[in-house]
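In: Build the 3D model from these lines:
(one chain, ligands or ions: 1)
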Amino acid sequence: MKDFTSSLLETGKRQITTMNIETARATYAASPQASEHFDVLIVGAGISGIGSAYHLQRDLPDTSFVILENQDSFGGTWITHRYPGIRSDSDLHTFGYSFKPWVGPPIATAQEILSYMGEVIAENDLARHIRYKHRIETASWSGKTKLWTIEAVRNDTGERVAFTANFLWMCQGYYRHSEGYTPEWPGMDTFKGRIVHPQLWPKNIELKDKRVVVIGSGATAATLIPSIADRCAHVTMLQRSPTFFRLGRNAIELAEQLRQLQVKEEWIHEIVRRKILFEQDAFTRRCVAEPDQVTKELIGQITAVLGPDYDVATHFTPKYRPWRQRIAFVPDADLFHGIKSGKASVVTDEIERFTDKGILLKSGGEIDADIIVTATGFNLCVLGDIAFAIDGKPLDFADTVTYRGMMFTGVPNMAWVFGYFRASWTLRTDLVAEFVCRLLKHMSETGARQVEVALRPEDHNMPLLPWIDPENFNPGYMMRNMHLLPKRGDKPEWQHNQDYWAEKDQFPAIDLDDKAFVYK
Ligand SMILES: Cc1cc2nc3c(=O)[nH]c(=O)nc-3n(C[C@H](O)[C@H](O)[C@H](O)COP(=O)(O)OP(=O)(O)OC[C@H]3O[C@@H](n4cnc5c(N)ncnc54)[C@H](O)[C@@H]3O)c2cc1C
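Out: All right, here's what the predicted structure looks like:
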């Protein structure tokens, strides 16, 4: 691994021969034109950024790299979201990395995920590569120097800092961390209680004896409600339409058995991953082949907890087919036990307006509230709100076509980690990382300094479609913002098809000399 000073030396940007690292840093900090150079610059220290750094360090140990992160610490999603009960809805055997065994219960709290990531950072000595409190604002590619110039603002000092990099690895996730999505309802300003978005959960909020309404029916609502139900006077889940849930124990019997047999954790991780992936594949296929039967089974699980008199038809029978949106896993049916106990309840209706006392519904009913939680989702954020330019020309990602959801036509030396929604996100982090490392090795071996993807002659008549097929997957934040995302074609190379089971075989077989890759 090359250090800061030797990286500068290698790029030839500055002739520093005798300075130690501290002197070099001070010199460069004082000069606004100065930039540090790295072979690879990773944006974001979430689960994707840390995983990508691990692969890069393992597969290309001589590559210099830095991770720039806006927040004060690593974790991304798992540090941003601090609402009560925050937890994964995927199992951690597949949400965890392939290379680091997960040894706890499959559904994990944010804190457990952060501890796991902390161990990955410590065990692989990654901390020295991370610069926190660096918000990247611009990224400009120069075809002349074949370098990206990245400008960031330090949140602690307000100082502007610049970096150059040969390759940009975008691990910035898919939503804006600074704010959640809250629709505008009439009368919101008249409500006398408190309105809270779970993404910006206040530290000092008092729930004791409060009537809480949670607007939303997704994983966030399903997590938050059981965790606060005991503390407040009552919690109401107010949903416009129902969502699918899967219920089950927060334990994997096979893992428990293997542990009893004192099988090594590395093996347990791999075996359990394979079992889960096999079962998820079968389940996904069933959702497509026999959606009515799957719907019946999922709703049957809920009826088994709530009893035959509960109106599952109104509150827990979605209008869409299972798997068009992510299915949240509810460990130990905690949400439904909360409803059964009477501490939580569900209202399926539309909001007419907020009143000073609570919410007036379209049906004419009213829900009184002291606190209204808007678990209404995210603001999609394409490429970290960074202003991109290619040779001085501003880049609009919506004008590009995606190569397998990770590279973009006309955008050199850049890859984006956009994970799976139906399977664990991290499965794709690992796949993309293996691909990027292979690509970088190939470039190094062939002496190429630039790679970009381009439509091949046979692709020119290909229809260009929205990033994702709404028939296939249609969560609100994607539907609201599809116009911001790159286009997809109708061939596997030119789309992110959300199919781990196809991509796990396709990615390692990608021919780097295919005409879709243009090297310079
Ligand atoms: C509450 C919640 C629960 C979820 N549960 C699951 C689950 O169980 N399973 C699953 O598969 N998926 C889940 N997801 C989806 C989840 O976001 C991803 O799985 C995963 O955590 C994303 O990791 P990431 O590193 O790609 O992005 P993020 O976690 O979003 O991290 C990106 C990082 O990049 C930084 N960044 C962004 N822009 C810039 C910039 N301009 N400059 C500097 N830094 C920048 C951000 O500060 C952030 O730290 C969940 C999402 C949420 C919100």
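
In: hey, where'd the helices end up in the stretch 151-300 of the chain?
Out: With helices called from DSSP state H, counting those that start in this stretch, the stretch 151-300 of the chain shows them at 219-228, 253-260, 265-289, 291-306.

In: What does residue 348 show for phi and psi?
Out: phi -110, psi 110 (degrees, to the nearest 10).

In: before we move on, the earlier item: let me know which of the helices of the stretch 151-300 of the chain is the nearest to residue 198.
Out: Among the helices of the stretch 151-300 of the chain, helix 219-228 comes nearest to residue 198, with 5.2 Å by CB to CB. Any C-beta I mention is one placed from the backbone N, CA and C, and that applies to glycine too.

In: Going by contacts, tell me the helices and strands next to that closest one.
Out: Secondary-structure packing of helix 219-228 (3 or more CB pairs under 8 Å, 6 or more residues apart in numbering; DSSP states H and E): strand 211-215, strand 234-239, strand 328-331, helix 334-341.

In: how about a cut-off of 10 Å?
Out: Using 3 or more CB pairs under 10 Å, 6 or more residues apart in numbering; DSSP states H and E as the contact test, the elements touching helix 219-228 are strand 211-215, strand 234-239, strand 328-331, helix 334-341, strand 344-348, strand 371-374.

In: Go ahead and name everything in contact with the third one.
Out: Right, the one you point to is strand 328-331. Contact partners of strand 328-331, identified using CB atoms under 10 Å, 6 or more residues apart in numbering, comprise 87-91, 105-107, 217-223, 226, 243-251, 301-302, 305, 335-337.

In: What distance do you get for residue 466 to residue 168?
Out: 25 Å (CB to CB, to the nearest Å).

In: quick one: which of these two has more around it?
Out: Taking other CB atoms under 10 Å, residue 466 and residue 168 do not tie; residue 168 has more neighbours (25 against 15).

In: In contact with the more buried one, which residues?
Out: Going by CB under 10 Å, 6+ apart, residue 168 touches 40-43, 136, 139, 141, 147-148, 150, 383, 386, 388, 411-416.

In: residues near the closest residue to residue 160 other than its chain neighbours, how many?
Out: Closest residue to residue 160 apart from its sequence neighbours, by CB to CB, 6 or more residues apart in numbering: residue 153 at 5.7 Å. The number of residues packed near residue 153 is 15, by other CB under 10 Å.

In: Ok, residue 303 next?
Out: For residue 303, using other CB under 10 Å, the count is 16.

In: now it: how far from residue 238?
Out: For residue 303 relative to residue 238 (CB to CB), the value is 22 Å.

In: Residue 178 now?
Out: 25 Å.

In: Repeat that for residue 205.
Out: According to CB to CB, residue 205 and residue 238 sit 19 Å apart.

In: Just want to know which of those two has more residues nearby.
Out: Taking other CB under 10 Å, residue 205 and residue 238 do not tie; residue 238 has more neighbours (25 against 15).

In: Identify the residues contacting the more buried one.
Out: Residue 238 neighbours (CB under 10 Å, 6+ apart): 213-217, 221, 345-351, 358-359, 361, 367, 369, 372-373, 375.

In: what does the stretch 301-450 of the chain have sitting close to the ligand?
Out: Residues of the stretch 301-450 of the chain lying close to the ligand (CB under 6 Å from any ligand atom) are 384, 385, 386, 417, 419, 424, 425.

In: Of these, just the buried ones, ChimeraX syntax please.
Out: Burial among those is assessed by 16 or more other CB atoms under 10 Å; the matching ChimeraX selection reads:
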select :384,386,417,419,424,425
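
In: quick revisit: out of the contacts of residue 238, which are buried?
Out: Neighbour counting over the contacts of residue 238 (16+ other CB under 10 Å) leaves 213-217, 221, 345-349, 351, 358-359, 361, 367, 369, 372-373, 375 as the buried ones.

In: Tell me how many other residues surround residue 106.
Out: 23.

In: and what of the one 10 residues further on?
Out: Other residues near residue 116 number 22, with proximity taken as other CB under 10 Å.

In: measure it to the ligand for me?
Out: Distance of residue 116 to the ligand, computed by CB to the nearest ligand atom, to the nearest Å: 12 Å.

In: My read is that that residue contacts residue 108, right?
Out: Yes - look at residue 116 against residue 108 with CB atoms under 10 Å: they come within range, at 7.5 Å.

In: Just give me the residues shared between the contact sets of those two.
Out: Joint contacts of residue 116 and residue 108 (CB under 10 Å, 6+ apart) are 78, 92, 95, 96, 102.

In: who's in contact with the residue most central in space within the chain?
Out: What sits nearest the mean C-alpha location of the chain, by CA atoms, centre = their mean, is residue 173, with 4.5 Å. Contacts here follow CB under 10 Å, 6+ apart; on that basis residue 173 touches 43-44, 46-49, 76-77, 80, 378, 381, 384, 417-419, 425.

In: And residue 252, by the same measure?
Out: Here residue 252 is in contact with 91, 93, 105, 106, 258, 268, 272, 275, 276 (CB under 10 Å, 6+ apart).

In: Likewise for residue 326?
Out: Residue 326 is in contact with 89, 90, 218, 219, 243, 244, 420, 421, 422, 473, 475, counting by CB under 10 Å, 6+ apart.

In: Likewise for residue 480?
Out: Taking CB under 10 Å, 6+ apart, we find residue 480 in contact with 181, 183, 377, 378, 379, 380.

In: Ok, residue 109 next?
Out: Residues near residue 109 by CB under 10 Å, 6+ apart: 78, 85, 86, 87, 88, 115, 223.

In: Just grab the bridge partners of residue 380 for me.
Out: Here residue 380 sits in beta bridges with residue 175, as judged by DSSP bridges.

In: Quickly name whichever of the contacts of residue 326 is closest to the ligand.
Out: In terms of CB to the nearest ligand atom, no member of the contacts of residue 326 lies closer to the ligand than residue 90, at 3.4 Å.

In: Where does pLDDT dip in the stretch 301-450 of the chain?
Out: Applying pLDDT under 70 to the stretch 301-450 of the chain picks out no residues at all.

In: quick one, strands of it?
Out: 328-331, 344-348, 351-354, 358-361, 366-368, 371-374, 387-390, 393-394, 402-403, 407-408, 414-416 (DSSP state E, counting those that start in this stretch).

In: could I get those strands as JSON lines with distance to residue 164?
Out: Output for the strands of the stretch 301-450 of the chain, formatted as JSON lines (distance: least, CB to CB, whole Å):
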{"stretch": "strand 328-331", "distance to residue 164": "42"}
{"stretch": "strand 344-348", "distance to residue 164": "53"}
{"stretch": "strand 351-354", "distance to residue 164": "50"}
{"stretch": "strand 358-361", "distance to residue 164": "52"}
{"stretch": "strand 366-368", "distance to residue 164": "55"}
{"stretch": "strand 371-374", "distance to residue 164": "41"}
{"stretch": "strand 387-390", "distance to residue 164": "14"}
{"stretch": "strand 393-394", "distance to residue 164": "19"}
{"stretch": "strand 402-403", "distance to residue 164": "24"}
{"stretch": "strand 407-408", "distance to residue 164": "20"}
{"stretch": "strand 414-416", "distance to residue 164": "14"}
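
In: Tell me which of these sits nearest to residue 69.
Out: Nearest to residue 69 among the strands of the stretch 301-450 of the chain is strand 414-416; the distance by CB to CB comes to 16.4 Å.

In: neighbouring strands for that closest one, and are they parallel or not?
Out: Counting by DSSP bridges, strand 414-416 is paired with strand 160-170 (parallel).

In: The strand it pairs with and the ligand, are they touching?
Out: No - figure legend: strand 160-170 not in contact with the ligand (CB under 6 Å from any ligand atom); closest approach 8.7 Å.

In: got the contact list for the residue nearest to residue 76 when sequence neighbours are not counted?
Out: If the residues on either side of it in the chain are set aside, residue 76 comes closest to residue 46, at 2.2 Å by CB to CB, 6+ apart. By CB under 10 Å, 6+ apart, the contact set of residue 46 is 52, 67, 69, 71, 74-80, 117, 171-173, 177, 417, 425, 429.
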